[in-house]
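Turn this into a structure:
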Amino acid sequence: MQDRKQTMEMRKHKRTRLNGHALAAFFTPRHDFIGLGQILDISRGGLAIRYIALQDQIQGSSELELFGSHGHVVHIGKIPCRVVYDQELRSESRGLLKVRRCGVQFGELTGRQVEMLESFMASYRSTDDADAGKMGGSPCRDEQESVPVVEIIIETG
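Numbers count the residues shown, from 1 in each chain. Here you go, the predicted structure:
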């Protein structure tokens with residue numbers, strides 16, 4: 001008889017796959033930049049990113065800034081979070097550049113942050129699940145095209 005390994009789903013919120021145009025930047029609580037990665041999927045409770053690491057993995061508690069450009073620019077700043085996992089994607093890593101996947105749980109969000117997060121997820125939702133797993137997602141717009149800019153900055157504390 002074969003032993004089956006079962007994984008219990010711990011998430012409270014359904015994850016939404018994104019279109020490849022959304023990024024997350026990590027900062028220490030003292031606002032030092034840690035890293036930048038492409039958001040793969042996101043929910044009200046957290047997100048997963050793919051990033052390239054030259055040094056050690058992202059660890060512990062920090063703050064996130066989410067931003068992207070897909071028809072308009074959206075920016076959500078100072079989201080408290082903690083890293084749940086961070087693992088190398090060996091099939092995508094080459095030489096000194098290590099491609100990693102990092103799962104993050106959001107800390108307590110304000111009502112305004114939740115509202116902006118919902119809008120962010122709607123703006124960057126993937127129309128095709130095949131796009132969600134690719135670095136870069138769908139093709140970029142023509143650089144000559146005029147793109148309206150909307151910047152939303154939410155600061156807590």
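
buried set for the longest helix along the chain?
Criterion DSSP state H: the longest helix present in the chain is helix 111-124. Going by neighbour count (16 or more other C-beta atoms under 10 Å), the buried part of helix 111-124 is Q113, M116, L117, F120, M121, S123, Y124. In this view, the C-beta of every residue, glycine as well, is placed from N, C-alpha and C.

Pull the distance from it to the chain's centre.
Helix 111-124 sits 13 Å away from the centroid of its parent chain (C-alpha atoms, centre = their mean, to the nearest Å).

Packing partners of the longest strand seen in the chain?
Using DSSP state E, we find that the single longest strand of the chain is strand 73-88. Judged by 3 or more C-beta pairs under 8 Å, 6 or more residues apart in numbering; DSSP states H and E, the packing partners of strand 73-88 are strand 46-53, strand 61-69, strand 98-106, helix 111-124.

For that strand, give the mean pLDDT please.
What strand 73-88 shows for mean pLDDT is 90.

tilt between that strand and strand 61-69?
130 degrees (axes from the mean of the first three to the mean of the last three C-alpha atoms, to 10 degrees).

got the CA positions of strand 73-88 in PDB?
Coordinates of each C-alpha in strand 73-88 appear next as PDB, following Å, rounded to 0.1, in the frame of the first residue of the first chain:
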ATOM      1  CA  VAL A  73       0.000  52.700 -12.900                       C
ATOM      2  CA  VAL A  74      -1.100  51.600  -9.400                       C
ATOM      3  CA  HIS A  75       1.000  51.800  -6.300                       C
ATOM      4  CA  ILE A  76       0.200  50.500  -2.800                       C
ATOM      5  CA  GLY A  77       2.800  51.300  -0.200                       C
ATOM      6  CA  LYS A  78       3.800  50.100   3.300                       C
ATOM      7  CA  ILE A  79       2.000  46.800   3.600                       C
ATOM      8  CA  PRO A  80       3.200  44.900   6.600                       C
ATOM      9  CA  CYS A  81       4.000  41.300   5.900                       C
ATOM     10  CA  ARG A  82       6.000  38.200   6.900                       C
ATOM     11  CA  VAL A  83       7.700  35.600   4.700                       C
ATOM     12  CA  VAL A  84       6.100  32.200   5.000                       C
ATOM     13  CA  TYR A  85       8.400  30.400   2.600                       C
ATOM     14  CA  ASP A  86      11.200  31.100   0.200                       C
ATOM     15  CA  GLN A  87      12.600  28.400  -2.000                       C
ATOM     16  CA  GLU A  88      14.900  28.200  -5.000                       C
END
